[in-house]
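>>> let me see the structure of the following:
(chains A, B and C)
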Amino acid sequence: MLKSTTPTMVGSEAKAKKKRHSFSLNAKDKYFALLFLGPSLLLLSVFVFYPMFRTLYISMFLTNTLGKTTVFNGFGNYATLLSSPEYIASMGSTLFYVLAVTALTVSIGLLLANLASQKLAGIGIFRTLYSITMGVSVSVAAIFWLFIFNPSTGFFTIISNALHLPVINWLTDPKMAMWAVIITTVWMHLGFTFLILLGSISSVPTTLYEAASVEGASERRQFFKITIPMISPTLFFVSTITLIDSFKSFGLIDLITKGGPTNSTNMLVYRLYKDAFYSGNYGQASSEAIILTIIIAFFTFLQFKFLEKRVNY
Amino acid sequence: MITSNKPNRLNKVLSYLLLVVLAVVILAPFFIGIWTSFLPTMDIAQGNFFSTKVSFDNYVAAFTKTPIVRYLGNSLVISTLTMLAQLVFCSMSAYAFVFLKFKYRNAIFILFLITMMLPFEAEIIPNFTTVKNLGMLDNYSVLLIPFLTSAFGTFMLRQAFMQTPTELKEAADIEGLNHFQIYWSIVLPYNKISMITLGAYSFLGAWNQYLWPMLTTFSNDSRLIQNGLRQLQSEETFNDWGMIQASAAIIVIPTIIVLFVGQHYFKSGMNEGAVK
Amino acid sequence: MSTILNQVSKQYSEKEDILKNVSAEIETGEFFVIVGPSGCGKSTLLRMIAGLTSISDGEISIDGQVVNDLQPKDRKLTMVFQSYALFPFLNVWDNVAFGLKARNIDQAEVHQRVNDALDMVNLSELKERKPRELSGGQRQRVALARAVASDAKLCLMDEPLSNLDAQLRIKMRQEIYQLQRKLGITLIYVTHDQVEAMTMADHIMVLNDHEVQQIGTPTEIYQQPANEFVANFFGTPLINLLPAQRVDDRTLNVEGDFEVKTEQKISENEVNVGIRPGELHVEASDELNANATVKSSEFLGDETIVYATMNSEHEVRVLIPGKAVFAPYEKVKITASGNVFLFDANHKRIPFESEELVNA
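The predicted structure is shown next:
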């Protein structure tokens, strides 16, 4: 989540900057540049650029279980993947998960932010409470919710029994397991999304609302006709961040469902991990990694572009 | 004596009602988790949720029977070191991008931007081979070295550094300060807030690491808390819910305190990054 | 059929009065200006009329209806904000149409009214533009068009010209004035600028220190200020306020510097005398007869302001036609015409006997 937080201005400022800091110790700058930039560049080369190319390379080969490349396979791994119903299903469940998580997180976050942006006594307490899940790590979230979902002793089961309602098999029913993971993910993301949206809503000038209320717009209309358009850049931002982040979900799945039951929550990263480190199928896992990279890169790029365009807003 | 406005007052009551209901829903997992952490596992297993046998036994058990203190210590060390390293390396590269003129500067910057588009999760296969070949497995170094720098951190600080008034830099040039002096005594102090924000991000980022530590550590000496909890939950004490909940509470309470204390910085940092 | 403020008050807390017992009647179709220094509560008063701020005490009625508990949208008025409050994501046309659409007015009429309003403020050609693509004056016109398009007969403006440069301010001042006359709407206009108040208003309400100081026509305010504050607030350069002692029925001694033969009968022994800079005269003088020393003079083109220090140490401003020939440190003799204001110990103006007769 943090990694993809945003470029606000890329192109235009880069140009402006050229002019601003143009002179000063130019001759020696390159040595300092090497010194200042060298360590980061080295680290990124070893742990980001090299592995990217290496992954691309391995993805074109068949491999043995030690990860050594054996036979060149061209795009064979990709072809196998894309014709595998299992992979297509995994892609489908990932998409479902990602869309559900994004839609729910953003809309609930928006509801909370809009409520908490009111000027009421003690509203600060609610703002703090709503942002609390920012302090929750993957494993803690998983444990709290695992107990709630637990089929025999879980909180939901206790409640259902007490009310004589049918018990839902959250973790054993494939459909419900998916929802269990979605609910936990949304809950975890909510604090962050809420805080960002709250910041954005609070920065809408109050005179806009005053003007609208004098002109006869109801509160509902003000929300849809002023708040939403005014914060639309931020809405886009939190949506893409949530989207990117849920494509990369791993921890919660590992903790809650381990990809099951019947592969219903076997999403892209989890599958990649299992194919590589359980099955030792590094070639195919690498091609999965490349596909994942393309998806993530696409959305990140979209975000870059959009935010760059918005600089002059 | 403010003139009463009836529809307004009703709205207020409804607002508070909604605020409270939502707060309860959001906090419910906490309450349930923390409440059960005080109950004997037997009672939990029997669904005796309103047991009165409240005690700290689970906490004592968590501290004495499990390596949770070790896990916490590992996470604390790794997160702190990661944070410090990222602050140093990110601020240095950001300084280079903003204040130094050198060949290929824009090209290298674009390289950094591209880095932000590549998910680490997709690179674990070669990275695993690399650290294995370097003999770093199951060791602090494997948790630290790949994360000493971050493209995101560099980018975020670059954006902040660009807001540093040119006059400050120019005054320093006239005084004859070298780049180390300018970096250390002008740029860093001026951008303190952004540094604190990045520090918080990188600390939390490291704290929440899951996939990579799971792959590369397998002894309690280097296992981090996230994977440690999984370990507790999945193997050693299966179904000892009371103790597991206590372990979760032990972890979550300090982070929430840190979060409340640092909330101001989070907000300003996020708005800087997101909503300009 | 007017807007009536009856003992309107506003407190944020027990001790802190924002407005105290403000009463006024604003007639239909008039240009009513509320003027005062910053912090006097003038914007709060306007916001109370609009319904954006609640009323602590008293009553506001519009067209015979008490509106204290009405929502802003139900008060049938429009408002132009200091910051214009334009919606940045809507173009000019949609900005003007916003309120009409909110009130569910039918499409054809919305079109008609928006187009007419844009015509009236000469913005028809820019109707596709977004606010950020407009100059300050154009944004101001959009805000005006929004008020025009609404059929509300009462329009409130909160310092609408304060974000414009000096030249544009004069131009827009005239446009707003003409617009108000053309539409025949009631306009309540808040400003801190005495010139705006003097040039546009039918009636002015002067607020200071959370209280009404005076309500009157510009002429009344200028010629018969209720107190020292009002006298001081209107007119440039500032009026000279000097302590003076009674000599006889029609003569005042101003701190031993000079005597004034007043048109008004003097009844109190100690007064403050208010003399407009134009009512003072300055002439070159020898050391012996001089009663003041020139500090500096500012040449404004067709007149000159001379700043001088009286022998009694009081500073005065004198406005003289043409270019002054006085140099700093030059000794001069300053005298006054009889057209002065007298203020009592409570800083209230002592009225003319003739005024008293009229008022009685």
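>>> quick check: phi and psi at the closest residue in space to A:Val71 that isn't next to it in sequence.
Excluding its sequence neighbours, the residue lying closest to A:Val71 (Cβ to Cβ, 6 or more residues apart in numbering or on different chains) is A:Leu62, at 4.5 Å. Every C-beta, even on glycine, is put in place using the N, C-alpha and C of the backbone. Backbone torsions for A:Leu62, taken as degrees, to the nearest 10, come to phi -90, psi 150.
>>> and what of C:Gln223?
Dihedral angles (degrees, to the nearest 10) for C:Gln223: phi -90, psi -30.
>>> mind checking how far it is from C:Phe341?
9 Å (Cβ to Cβ, to the nearest Å).
>>> who has more neighbours out of the two?
C:Phe341 (26 against 12; other Cβ atoms under 10 Å in any protein chain shown).
>>> so the more buried one versus B:Ile257, what's the distance?
For C:Phe341, the distance to B:Ile257 - Cβ to Cβ - is 67 Å.
>>> ditto for C:Arg75
C:Arg75 is 49 Å from B:Ile257, by Cβ to Cβ.
>>> among these two, which residue is more densely surrounded?
Set C:Arg75 next to B:Ile257 and count neighbours by other Cβ under 10 Å: C:Arg75 wins out with 22 against 11.
>>> got the contact list for that one?
A:Val214, C:Ala50, C:Gly51, C:Ile62, C:Val67, C:Leu154 (Cβ atoms under 8 Å, 6 or more residues apart in numbering or on different chains).
>>> now the phi/psi pair for it, please.
phi -90, psi 0.
>>> for B:Phe49, same thing?
With angles defined as degrees, to the nearest 10, B:Phe49 sits at phi -70, psi -30.
>>> assign a three-state SS to C:Ile334, would you?
What DSSP: H, G, I helix; E, B strand; the rest coil gives for C:Ile334 is strand.
>>> from the structure, what's the count of residues near B:Arg9?
Neighbours around B:Arg9, by other Cβ under 10 Å: 10.
>>> secondary structure element holding it?
Assigned by DSSP states H and E, B:Arg9 belongs to helix B:6-36.
>>> next, name the residue at the spatial heart of chain B.
B:Leu204 (0.6 Å; Cα atoms, centre = their mean).
>>> need the per-residue pLDDT for it.
The model reports B:Leu204 with a pLDDT of 84.
>>> so what secondary structure elements neighbour the helix or strand hosting it?
If you go by DSSP H and E, B:Leu204 is part of helix B:192-207. Identification of packing neighbours for helix B:192-207 by 3 or more Cβ pairs under 8 Å, 6 or more residues apart in numbering or on different chains; DSSP states H and E yields helix B:68-99, helix B:151-161, helix B:241-274.
>>> burial check on whichever residue of the stretch 101-250 of chain A sits closest to chain C, number of neighbours?
Of all residues in the stretch 101-250 of chain A, A:Glu215 sits closest to chain C, at 2.9 Å by Cβ to the nearest Cβ. The tally of other residues near A:Glu215 (other Cβ under 10 Å) stands at 24.
>>> how near is it to B:Arg70?
For A:Glu215 relative to B:Arg70 (Cβ to Cβ), the value is 64 Å.
>>> for residue 136, give me its contacts.
Since no chain was named, I'll use chain A. A:Val136 neighbours (Cβ under 8 Å, 6+ apart): A:Phe144, A:Met188, A:Gly191, B:Val252, B:Thr255, B:Ile256.
>>> chain C is the one I meant
Counted by Cβ under 8 Å, 6+ apart, C:Gly136 has contacts C:Asn163, C:Leu164, C:Asp165, C:Leu168.
>>> so which of the residues you listed belong to helices?
Among those, the ones falling in helices (DSSP state H) are C:Leu168.
>>> what parts of the stretch 51-200 of chain C come near chain B?
When proximity is defined by Cβ under 8 Å from any Cβ of the partner chain, the stretch 51-200 of chain C lies next to chain B at C:Ser54, C:Ile55, C:Ser56, C:Asp57, C:Asn68, C:Asp69, C:Gln71.
>>> which one of the residues you listed has the most neighbours?
C:Ile55 leads those on contacts (other Cβ under 10 Å) with 22 neighbours.
>>> just the pLDDT at that residue, thanks.
For C:Ile55, the predicted pLDDT is 89.
>>> may I have the phi/psi pair for B:Gly220?
Small correction: residue B:220 is Asn, not Gly. According to degrees, to the nearest 10, B:Asn220 has phi -60, psi -20.
>>> that one - how many residues pack around it?
Other residues close to B:Asn220 by other Cβ under 10 Å number 14.
>>> neighbours around C:Asn289, how many?
Count around C:Asn289 with other Cβ under 10 Å applied: 10.
>>> so who does the closest residue to it other than its chain neighbours touch?
Nearest residue to C:Asn289, sequence neighbours excluded (Cβ to Cβ, 6+ apart): C:Lys333, at 5.6 Å. Listed by Cβ under 8 Å, 6+ apart, the contact set of C:Lys333 reads C:Phe258, C:Val282, C:Glu283, C:Ala284, C:Ser285, C:Asn289, C:Ala290, C:Asn291, C:Ala292.
>>> switch to 6 Å and redo it
Contacts for C:Lys333 (Cβ atoms under 6 Å, 6 or more residues apart in numbering or on different chains) come out as C:Glu283, C:Ser285, C:Asn289, C:Ala290, C:Asn291.
>>> and C:Ser38, by the same measure?
Counted by Cβ under 6 Å, 6+ apart, C:Ser38 has contacts C:His192.
>>> look up which helix or strand it falls in, please.
Here C:Ser38 is assigned to no helix or strand, by DSSP H and E.
>>> that older thread, is it possible to export the contacts of C:Lys333 to TSV including secondary structure and pLDDT?
Formatted as TSV, these follow (DSSP: H, G, I helix; E, B strand; the rest coil; pLDDT from 0 to 100):
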residue	secondary structure	pLDDT
C:Glu283	strand	89
C:Ser285	coil	86
C:Asn289	coil	86
C:Ala290	coil	89
C:Asn291	coil	91
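>>> most neighbours, which of those?
C:Asn291 (19 neighbours).
>>> quick check: closest non-adjacent residue to that one.
C:Asp257 (4.6 Å).
>>> got a pLDDT number for the one you found?
pLDDT, C:Asp257: 88.
>>> residue 128 - how many residues pack around it?
This is for chain A. 15.
>>> chain B, not that one
If we define neighbours as other Cβ under 10 Å, then B:Phe128 has 20 of them.
>>> once you drop chain neighbours, what's closest to it?
With Cβ to Cβ, 6+ apart, the residue lying closest to B:Phe128 is B:Leu215, at 6.0 Å.
>>> show me which residues of the stretch 51-200 of chain B are close to chain A?
B:89, B:92-93, B:95-96, B:99-102, B:115, B:117-119, B:121-123, B:125-127, B:146, B:148-149, B:152, B:159, B:162, B:166, B:173, B:179 (Cβ under 6 Å from any Cβ of the partner chain).
>>> repeat that for the stretch 101-250 of chain C.
Going by Cβ under 6 Å from any Cβ, the residues of the stretch 101-250 of chain C near chain A are C:Ala102, C:Arg103.
>>> residue in the stretch 101-250 of chain C with the shortest distance to chain B?
C:Arg132 (15.2 Å).
>>> element containing the closest residue to that residue other than its chain neighbours?
Once flanking residues are discounted, C:Arg132 sits nearest to C:Pro88: 6.3 Å by Cβ to Cβ, 6+ apart. Using DSSP H and E, C:Pro88 falls within no helix or strand.
>>> was I right about C:Pro88 contacting C:Arg129?
No. C:Pro88 lies out of contact with C:Arg129 (Cβ atoms under 6 Å); the separation is 11.6 Å.
>>> which positions in stretch C:82-90 come out as buried?
C:Gln82, C:Ser83, C:Tyr84, C:Ala85, C:Leu86, C:Phe87, C:Phe89, C:Leu90 (16 or more other Cβ atoms under 10 Å in any protein chain shown).
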